[in-house]
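J.: Fold the following, please.
(one chain, ligands or ions: 1)
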Amino acid sequence: MQPPQAQVLDPGPISTAALINAIRNELPHLKLLTDELDREAYRLDETAYLTAGLPGAVALPTTTAEVAALMRLATSHGVAVVPRGAGTGLSGGAAGIDGALTIALTRMDRVVEIDRANLCVVVQPGVINATLKAAVAAEGLFYPPDPASYESCSIGGNLGTNAGGLCCVKYGQTRDWVLGLEVVLADGRAIRTGGKNVKDTAGYSLTHLFVGSQGTLGIITEATLRLRPQPGPRSTLLAFFASVEAAGEAVAAMTAAGIEPVTLELMDQATILAVDDWHHLGLDRTAAAMLMVESDAPGSAATDELDRAERACADAGATSLARAANAAEADWLREARRSALRALERQGMVRMEDVGVPRAAVPQLLRAIERITKANGVRAATFGHVGDGNLHPNFIFDRDDEAAAALTERVRDEIFRAALELGGTVTAEHGIGVARRAWLPIQRGEDAVAVMRSIKAALDPQGILNPGRVL
Ligand SMILES: Cc1cc2nc3c(=O)[nH]c(=O)nc-3n(C[C@H](O)[C@H](O)[C@H](O)COP(=O)(O)OP(=O)(O)OC[C@H]3O[C@@H](n4cnc5c(N)ncnc54)[C@H](O)[C@@H]3O)c2cc1C
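T.: Sure thing, here's the model as predicted:
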């Protein structure tokens with residue numbers, strides 16, 4: 001039996017114009033962008049290698065009530081809606097759809113309450129990740145999720161993608177820090193999926209259904225997030241290797257030994273060169289790969305943890321090892337790693353991928369990426385959160401070179417096949433979005449995707465929310 005399917009809308013110019021009029025009538029104080037130049041700014045996210053549609057209008061609500069009214073109106077006019085945070089996504093999830101209404105949550109940017117007694121914080125979705133971190137740090141508290149884009153991405157987008165980042169080895173992904181959400185559904189109803197309870201098993205876990213759903217099931221208008229006490233300053237180890245595989249072996253050895261540093265990142269030679277060219281860090285430019293290992297363990301435990309990591313690296317054949325002299329140098333190195341994508345973008349158009357494998361399979365994945373990119377003669381650079389088994393192969397090409405763009409598609413498909421053969425995933429943290437849709441049934445299987453379609457149809461029967469994304 002076919003699962004129920006949400007309709008796919010084709011918002012025509014007449015219904016969009018009627019919707020704009022209705023919004024102006026019902027919400028006269030709402031900021032609504034209809035000028036073509038303004039709407040252009042909401043066409044793309046950070047997947048510039050993809051094409052995207054031009055929104056028919058962009059709404060910038062400031063309250064849940066406004067979001068609810070917008071959804072009611074969009075539903076009654078049959079116009080698709082694209083929820084959007086800061087637009088830094090790497091899967092096309094917040095990119096425009098021709099004629100659709102983009103709802104950008106950037107003006108709902110308040111930290112509503114820092115609740116020290118319950119070690120949690122209540123936030124609106126438009127808060128920038130770094131702003132939230134700074135607000136809770138001022139109270140001696142810590143919100144761990146830490147995408148490399150933390151200074152520009154929003155909490156709503158982090159929830160929409162279940163963002164990862166540089167400290168998942170120890171602290172997990174965004175999902176692990178969410179206690180409850182307020183969500184506006186397609187028909188305009190607002191529901192709460194949880195609150196400040198650390199333990200709460202009442203009914204299905206709707207919180208975890210919405211996290212990572214990329215705006216296809218509802219619009220998150222508030223979130224209650226867990227906090228923990230602020231850890232101490234970080235200590236950093238850099239290890240250089242003569243092959244990417246040796247670096248992978250060091251990672252596998254650390255995992256097997258139960259070493260859980262806060263950060264375990266890899267950069268291959270192409271990335272080392274790009275970052276060093278930009279920041280002049282004096283990295284070993286002859287190395288085929290570098291690992292960055294950070295510890296935030298208290299007191300001497302940090303030195304012990306890095307000593308153990310250093311032994312694993314030495315045993316795997318590290319050619320040189322170095323430690324940051326102090327916390328300031330450690331911060332500097334981490335910021336350089338965060339800038340890897342921007343450093344590569346100085347060389348051309350970058351298509352970034354996001355494969356993951358069980359951690360013991362990291363050496364095989366690294367070997368497969370190297371083999372596939374070399375065999376196809378594509379310009380590539382790989383870095384990523386290797387401690388989670390998550391690597392970002394990047395393909396660099398000239399924007400106007402259609403053959404090169406087509407080649408990246410074929411190479412990507414080969415890498416996806418290799419990751420799946422290792423029991424991995426085609427996306428560890430960026431999401432399916434539009435960019436990886438064809439691969440969802442291949443990875444999850446048709447039956448699992450049918451279940452997802454049933455959930456989508458139950459929550460959004462008209463298929464109004466972010467159509468064509470994920471499913
Ligand atoms: C330089 C750079 C480094 C990056 N590093 C990392 C990294 O280390 N780890 C990582 O995981 N990602 C990383 N990213 C990707 C990106 O920053 C994350 O996916 C981030 O979570 C997106 O947040 P955003 O606010 O920009 O969301 P957007 O791009 O605006 O939206 C992302 C998705 O969430 C949905 N969405 C947004 N707001 C809501 C809401 N309120 N309710 C429901 N759905 C919503 C959108 O529809 C879309 O599908 C990086 C990106 C860049 C450019």
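
J.: What are the contacting residues of stretch 311-323?
T.: Stretch 311-323 is contacted from outside by 235-242, 246-247, 249-250, 253-254, 257, 259, 284, 287, 291, 293, 306, 310, using Cβ atoms under 8 Å, 6 or more residues apart in numbering. Heads up, the C-betas are built off the backbone N, CA and C, glycines and all.

J.: and the residues you listed, which of them are in strands?
T.: 235-241, 291, 293 (DSSP state E).

J.: quick one: which two of those are the most distant?
T.: Spanning the widest gap among these are 235 and 241, at 20.4 Å by Cβ to Cβ.

J.: Now do the same contact list for residue 243.
T.: Counting by Cβ under 8 Å, 6+ apart, residue 243 has contacts 288-289.

J.: What is the neighbour count of residue 63?
T.: 13 (other Cβ atoms under 10 Å).

J.: neighbour count winner among residue 235 and residue 241?
T.: The neighbour count for residue 235 versus residue 241, taken as other Cβ under 10 Å, is higher for residue 241 (26 against 21).

J.: Can you give me the separation between the more buried one and residue 87?
T.: According to Cβ to Cβ, to the nearest Å, residue 241 stands 36 Å off from residue 87.

J.: Check residue 148 too.
T.: In terms of Cβ to Cβ, residue 148 sits 16 Å off from residue 87.

J.: Near the ligand, which residues of the stretch 151-300 of the chain are found?
T.: Proximity of the stretch 151-300 of the chain to the ligand (Cβ under 6 Å from any ligand atom) is limited to residues 153-154, 156-158, 160-161, 163-165, 214-215, 219-220.

J.: Narrow those to those in strands?
T.: 219-220.

J.: can you pick the most crowded of the residues of the stretch 151-300 of the chain next to the ligand?
T.: Within these, most neighbours by other Cβ under 10 Å means residue 158, with 35 neighbours.

J.: residues contacting that one?
T.: Listed by Cβ under 8 Å, 6+ apart, the contact partners of residue 158 are 85, 129, 145, 147, 174.

J.: TSV for those, including pLDDT, distance to residue 448 and secondary structure?
T.: Putting these into TSV (pLDDT from 0 to 100; distance: Cβ to Cβ, whole Å; DSSP: H, G, I helix; E, B strand; the rest coil) gives the following:
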residue	pLDDT	distance to residue 448	secondary structure
85	98	27	coil
129	98	30	helix
145	97	26	coil
147	97	26	coil
174	98	22	helix
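
J.: ok, of those residues, which one's closest to residue 335?
T.: Of all the contacts of residue 158, residue 335 sits closest to residue 147, with 13.6 Å by Cβ to Cβ.

J.: ok, now which ones touch the nearest residue to the closest one once chain neighbours are set aside?
T.: Using Cβ to Cβ, 6 or more residues apart in numbering and skipping the chain neighbours, the partner closest in space to residue 147 is residue 165 (4.0 Å). Applying Cβ under 8 Å, 6+ apart to residue 165 gives the contacts 145-148, 150, 385, 429.

J.: Quick check, residue 381 in contact with residue 268.
T.: Yes - when contacts are counted by Cβ atoms under 8 Å, residue 381 is listed as touching residue 268 (6.2 Å).

J.: helix/strand/coil for residue 363?
T.: Using DSSP: H, G, I helix; E, B strand; the rest coil, the secondary structure recorded for residue 363 is helix.

J.: Determine how far stretch 434-451 lies from the middle of the whole chain.
T.: Here stretch 434-451 is found 19 Å from its chain centre; the criterion is Cα atoms, centre = their mean, to the nearest Å.

J.: Buried residues, it. List them.
T.: Residues of stretch 434-451 classed as buried: 434-436, 439-440, 443-444, 449-450 (neighbour count, 16 or more other Cβ atoms under 10 Å).

J.: mind checking the end-to-end distance for it?
T.: Distance across stretch 434-451, first residue to last, is 19 Å (Cα to Cα, to the nearest Å).

J.: hmm, it touching the ligand?
T.: No - Stretch 434-451 does not reach the ligand (Cβ under 6 Å from any ligand atom); its nearest approach is 9.3 Å.

J.: For stretch 259-267, measure first residue to last.
T.: Its start and end residues considered, stretch 259-267 measures 20 Å (Cα to Cα).

J.: Tell me the buried residues in it?
T.: Buried residues in stretch 259-267, counting neighbours by 16+ other Cβ under 10 Å, are found at 259, 261-267.

J.: contacts for that stretch?
T.: Outside stretch 259-267, the residues that touch it by Cβ under 8 Å, 6+ apart are 166-167, 169-171, 231, 234, 244, 247-248, 251, 254, 275, 289-296, 305-306, 308-309, 312, 334, 337, 340, 366, 382-388, 391.

J.: Just the buried residues of those residues.
T.: Buried, going by 16+ other Cβ under 10 Å: 166-167, 169-171, 231, 234, 244, 247-248, 251, 254, 275, 289-296, 305-306, 308-309, 312, 334, 337, 340, 366, 382-388, 391, out of the contacts of stretch 259-267.
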